[in-house]
Structures are given as structure tokens and as C-alpha cells.
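Colleague: I'll drop the sequence and a predicted model, then ask my questions.
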Amino acid sequence: AQLEEFGGGLVQAGGSLRLSCQASERTFSSGLMGWFRQAPGKEREFVASIGWAGGHRKYGDFVEGRFTISRDNAKNMVYLQMNNLKSEDTAVFYCVSGGLFRSGTYYPANWGQGTQVTVSS
């Protein structure tokens, strides 16, 4: 697999989870990495992205300082630290890579299979 997510699970509201994504070297070298999510009955939405050198971090409006994206280029890994989780954060979270931003919207080239995050209230 080019992108494989780890770390999803069940957590209580107010808790934390750390998602990890292992990328193939070719996928990781494409530069941009990020996360999207899809809640039941809703469209996929942008969560976060990060540039090759760890800069150019962007977040979805709903994040409100609760999530932090980071990467380890030596390990081809991307992480999403999620704190103060809310029930509305329940979704399948997808690791993405490559692609581009156009008019402020991120269009990834590669998608992982996703990992379920469930937040109980």
C-alpha cells in the first residue's frame, strides 16, 4: 500500500488520539501530505496538510487549535495529534499525499484506506 493509517479507535469526548500514516518512499517524496475525514452521511472534508519541510501547515476551520499535523521525513511518516475530541469528530480519517492546492482547496493525488475514529459522548 502507498499509504497506510494507524491509530484509530474509540475514545471518550475530551480525550486524545494520535493517528499515524506510513507512506511508501515514492509517495512520501511527492511533498504534500495531509489528512481528510468523512463522517457518516457527509462528504469528505479537509482536516490538515503539511509541506515537505514541515512548514505550510494548514487546518480545516473546525480544528480550532485541537489538532496538530507533523511529519518525520526519515521514517516516511505523517502524524495527526488530536486533542479535546468531540463526538462530531467521529469519522473515517484518510491519509493523503501529493496533489496540489487550487484556490485554497487541497486536491490530493493519493489516498489511504482510512482508519475509523469514534468519539463517545
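Modeller: Right, received. Where do you want to start?

Colleague: got any ranges where the protein has weak pLDDT?
Modeller: Scanning the chain with the threshold set as pLDDT under 70 gives 1.

Colleague: which parts of it are strands?
Modeller: Ranges of strands in the chain, per DSSP state E, are 3-6, 9-12, 17-23, 33-38, 45-50, 58-59, 67-72, 77-82, 91-97, 100-102, 105-107, 110-111, 115-120.

Colleague: let me know whether Ser24 touches Gln2 as I believe.
Modeller: Yes: between Ser24 and Gln2 there is a contact at 4.8 Å, judged by CB atoms under 8 Å. The way it works is simple: take the backbone N, C-alpha and C, and place the C-beta from them, glycine included.

Colleague: contacting residues for the closest residue in space to Arg66 that isn't next to it in sequence?
Modeller: Excluding its sequence neighbours, the residue lying closest to Arg66 (CB to CB, 6 or more residues apart in numbering) is Asn84, at 4.8 Å. Neighbouring residues of Asn84 by CB atoms under 8 Å, 6 or more residues apart in numbering: Gly14, Ser16, Arg66.

Colleague: repeat that with 10 Å
Modeller: Ala13, Gly14, Gly15, Ser16, Glu64, Gly65, Arg66, Phe67 (CB atoms under 10 Å, 6 or more residues apart in numbering).
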